[in-house]
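Q: need the 3D shape of this:
(2 chains, ligands or ions: 2)
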2 protein chains.
Amino acid sequence: MSDGEEARVLEKALSSYYHYEEYALNEIWKPRMCKWMSLSNLQKSKIPWYGKYLGELKRCIMKNAEFYRLVVQRSVAYWGCNPNPDQWSQPTSYDMDKTVLMFTQILREWSQECQDERDLLLTRLRAFLNQEIPNKFERRVVKVLIPGAGLGRLIVDLVNDGFCVEGNETSYHMLLLSRFILNGEHPKEGLTIYPFVHTFSHQLSHEHQLRPIRIPDVRISEMLNGVCSMSMSAGSFVDLYGPPLGIKWSEYYSADIEMIRYREQNASSVRIVVTNFFIDTGSNILDYLETISHVLEDGGYWVNFGPLMYHYENDSQVEVTGDIDPTTGEVKNVNRFVPVKGLELSLNDLIQVACDQYAFDIIAKEIGIKSGYGRDPTGIALLGYMCNYWLFKKRKKSFSIC
Amino acid sequence: MSDGEEARVLEKALSSYYHYEEYALNEIWKPRMCKWMSLSNLQKSKIPWYGKYLGELKRCIMKNAEFYRLVVQRSVAYWGCNPNPDQWSQPTSYDMDKTVLMFTQILREWSQECQDERDLLLTRLRAFLNQEIPNKFERRVVKVLIPGAGLGRLIVDLVNDGFCVEGNETSYHMLLLSRFILNGEHPKEGLTIYPFVHTFSHQLSHEHQLRPIRIPDVRISEMLNGVCSMSMSAGSFVDLYGPPLGIKWSEYYSADIEMIRYREQNASSVRIVVTNFFIDTGSNILDYLETISHVLEDGGYWVNFGPLMYHYENDSQVEVTGDIDPTTGEVKNVNRFVPVKGLELSLNDLIQVACDQYAFDIIAKEIGIKSGYGRDPTGIALLGYMCNYWLFKKRKKSFSIC
Ligand SMILES: C[S@@+](CC[C@H](N)C(=O)[O-])C[C@H]1O[C@@H](n2cnc3c(N)ncnc32)[C@H](O)[C@@H]1O
Ligand SMILES: C[S@@+](CC[C@H](N)C(=O)[O-])C[C@H]1O[C@@H](n2cnc3c(N)ncnc32)[C@H](O)[C@@H]1O
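A: Numbering: from 1, shown residues only, chains lettered A, B, ... in the order given. Ligands and ions are numbered 1, 2, ... in the order given. Okay, here's the model as predicted:
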């Protein structure tokens, strides 16, 4: 993306946070108000508490909006945006939906409530790290890369464990909010959000739905402890860390000479890649395998946790791809009709291709680990996902082409 | 609906089954073929088996289409439809989607694979029935009503247990297919379907995804054993069995004089109502409570199983409602903007309103029962839902208004 395009995407995300109140009141509160008003008098009398409940629902949404206004205010200053919200690019309904979904993400990463959920990966990962790299001086020079780092919790946990960690994210909704959470100076008692107000299914009681949550659950600055061994790259994982050959040109893999150089620099630069609920997010999982293999040094490790719930499985859009001439960087054989869906490998097939074709050895593998995703642990919601955990090692003498 | 409208809805459902092959090849197989063709030669060489796999995928879809052609053929004869498919009303994309979803429903109700899933309700229900109505002569006159009966499995199970059972369904996709399964003369070894071919996430292996399933898992005619104590009503539960007052006129509750009479006849006509994955399907759950209460005799039982995953929670459409004049049947105070979403009671609130306002007593209640819905028990798919089970008894001297 050009700088101008980049700024517009940032503005759209910012603008969506700015318009959350209006959106949530319109989508969540108002239809419920109308529905309630439309009931017969008999039915209204059966739920006499409903009007008061809707008033409280509104109040919670407005508190959430206050939280987002703080995010917007701090972000404008930090990212150097146009201070006039009226001049920002307008968010799409997809952008607006995201403002609602982000509360689940905040809950998942930065609340005490979801510690057990986070521990599913963390305890497995730490058991391995403590055995493999127990020495704290060694840890300082071990580089860990986390693509799809979300709101950065795992980055902070691993920096706290003594590693040098780089996160990577493509979403400005994530980047804005993680910057705010990671660098913000929050009041000692934390910030208050109402993450459950947007969901009405699977609720135990309406009081339970409207309860506040404190975030973050830890003092981040203390965890980072002044050590500056944390970074976050903005952009597509494949674009920033992918190999020079084998991947097609697309919106996610540019033929730009600067990017080609940057990718070259990143070859074999990382000791550990951790993918957490990430490998199913792309439209071509082989691109992810190529990239993980390319960025890892020989003998490096790939740790994965999450389900295989391919994000594009039901998306009927197409994307444009093409071949990149390796000498000139020119794009040829452009294909404008490549479905974004259509390459959803099964678990066994994925593992087999990783081992046979991308030179990984299986060190550990566990399937069927039940996990929620930002799930209210005291609720009666969906159970979540069957997750897979694996620890693969990149073979020393790699026969991967990259 | 008028007879003409009714016939058109039936035709649309029929037509969707008729066009399944074309649809599934276009939506499922073709994008995967294009995607595969679009890969770089390097990536193609990493999954050399993929082309053969796509060929098999196509074959499975064509086998499924054969199954649906048999359904269509038998249905045309039974329902007396126009035998020329080209003259049928065209299915919407919603109708076409349903043809894919129905394979999950068939699996859930009529495969050996999902026996454990069905047993979650069945063992609880039978424990109650065996205690409450052990006598097989008494059973013959005990009427059980199952709204949202789907493909009729629970009807057959309870008829087999000796009860007199009425199912009720509003969906012609369900009605067509249940008629076919229940009354069809299937070969002894059953029929073969490939229910997993439409899903690519959470697959253990591609062989596993493409495996065939035999249905039905029981000899239905033997289970029904010649006894004619089974029926199925077509239409909305609220429309057919609802009370005369308190419910607003809408597409699901007509002011038609015949319907008003029919509803009157159905008052207190049933000893047991069983709702299985049903109570969260409507746009107004109080209408369901009113209707269950109205159709049950005093001292009758309501057995419920399923989650509270409100189907309309995220639907931003509106419906038209109005007041029905109880003397003239005239519709007044029409409101054209009633959101279909907006009345999703929490579990506790629902139970409280049932007990306090609709005169139910709690006999048994269990929450947090984990259940899939047509889930492949040997797969690594989503875990499913947290289900609630309850057994309520309608108080003898009802103070409900109905
Ligand atoms: C399901 S979330 C997981 C977030 C976090 N790892 C967690 O477990 O909570 C997937 C994340 O990957 C990011 N993502 C998707 N595609 C990406 C890409 N090509 N490069 C970098 N990040 C990507 C999304 O923006 C999203 O934040
Ligand atoms: C989730 S399915 C459950 C089917 C079956 N009981 C089972 O457990 O497999 C819900 C069913 O309710 C039906 N349904 C939805 N609204 C209805 C209504 N107002 N009256 C009758 N049936 C309805 C749907 O067509 C669908 O078949």
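Q: show me where chain A has its strands.
A: Using DSSP state E, the strands assigned to chain A run over residues A:143-147, A:164-169, A:191-193, A:213-215, A:230-234, A:270-276, A:296-306, A:318-324, A:331-339, A:360-371, A:385-394.
Q: show me what the longest helix along chain A is packed up against.
A: For chain A, the helix that runs over the most residues, judged by DSSP state H, is helix A:50-79. Counting contacts by 3 or more C-beta pairs under 8 Å, 6 or more residues apart in numbering or on different chains; DSSP states H and E, helix A:50-79 packs against helix A:3-18, helix A:20-24, helix A:30-38, helix A:172-183, strand A:191-193. No exception for glycine: its C-beta is placed from N, CA and C like everyone else's.
Q: which of those sits most buried?
A: Sort these by mean neighbour count, taking mean count of other C-beta atoms under 10 Å in any protein chain shown, and helix A:172-183 sits at the top with a mean of 21.
Q: who wins for proximity to ligand 2 among the helices and strands packed on helix A:50-79?
A: helix A:30-38 (16.9 Å; C-beta to the nearest ligand atom).
Q: coming back round to it: format the strands of chain A as CSV; extra columns: mean pLDDT.
A: Shown next, in CSV, are those (pLDDT from 0 to 100):
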stretch, mean pLDDT
strand A:143-147, 98
strand A:164-169, 98
strand A:191-193, 98
strand A:213-215, 97
strand A:230-234, 94
strand A:270-276, 98
strand A:296-306, 98
strand A:318-324, 96
strand A:331-339, 96
strand A:360-371, 96
strand A:385-394, 96
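Q: including distance to B:Pro244, could those go into TSV?
A: Listed next are the strands of chain A as TSV, based on distance: least, C-beta to C-beta, whole Å:
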stretch	distance to B:Pro244
strand A:143-147	61
strand A:164-169	59
strand A:191-193	46
strand A:213-215	46
strand A:230-234	63
strand A:270-276	57
strand A:296-306	53
strand A:318-324	54
strand A:331-339	53
strand A:360-371	48
strand A:385-394	47
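Q: columns distance to chain B on top of those, output as JSON lines?
A: JSON lines is the format used below for these (distance: least, C-beta to the nearest C-beta, whole Å):
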{"stretch": "strand A:143-147", "distance to chain B": "19"}
{"stretch": "strand A:164-169", "distance to chain B": "22"}
{"stretch": "strand A:191-193", "distance to chain B": "20"}
{"stretch": "strand A:213-215", "distance to chain B": "18"}
{"stretch": "strand A:230-234", "distance to chain B": "24"}
{"stretch": "strand A:270-276", "distance to chain B": "16"}
{"stretch": "strand A:296-306", "distance to chain B": "11"}
{"stretch": "strand A:318-324", "distance to chain B": "6"}
{"stretch": "strand A:331-339", "distance to chain B": "4"}
{"stretch": "strand A:360-371", "distance to chain B": "6"}
{"stretch": "strand A:385-394", "distance to chain B": "5"}
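Q: quick one: closest of those strands to ligand 1.
A: Closest to ligand 1 of these, according to C-beta to the nearest ligand atom: strand A:270-276, at 4.0 Å.
Q: tell me the strands beside that closest one, with direction?
A: Sheet pairing of strand A:270-276 (DSSP bridges) gives strand A:143-147 (parallel), strand A:296-306 (parallel).
Q: grab the nearest non-local neighbour of A:Phe277.
A: Leaving out its chain neighbours, the residue that sits closest to A:Phe277 by C-beta to C-beta, 6 or more residues apart in numbering or on different chains is A:Gly306, at 3.9 Å.
Q: circling back: between the helices and strands packed on helix A:50-79, which gets nearest to A:Tyr252?
A: Smallest distance to A:Tyr252 across these (C-beta to C-beta): 14.0 Å, for helix A:3-18.
Q: thought B:Trp36 was touching A:Phe343, still the case?
A: No Phe there; residue A:343 is Leu. Yes. Between A:Leu343 and B:Trp36 there is a contact at 7.3 Å, judged by C-beta atoms under 8 Å.
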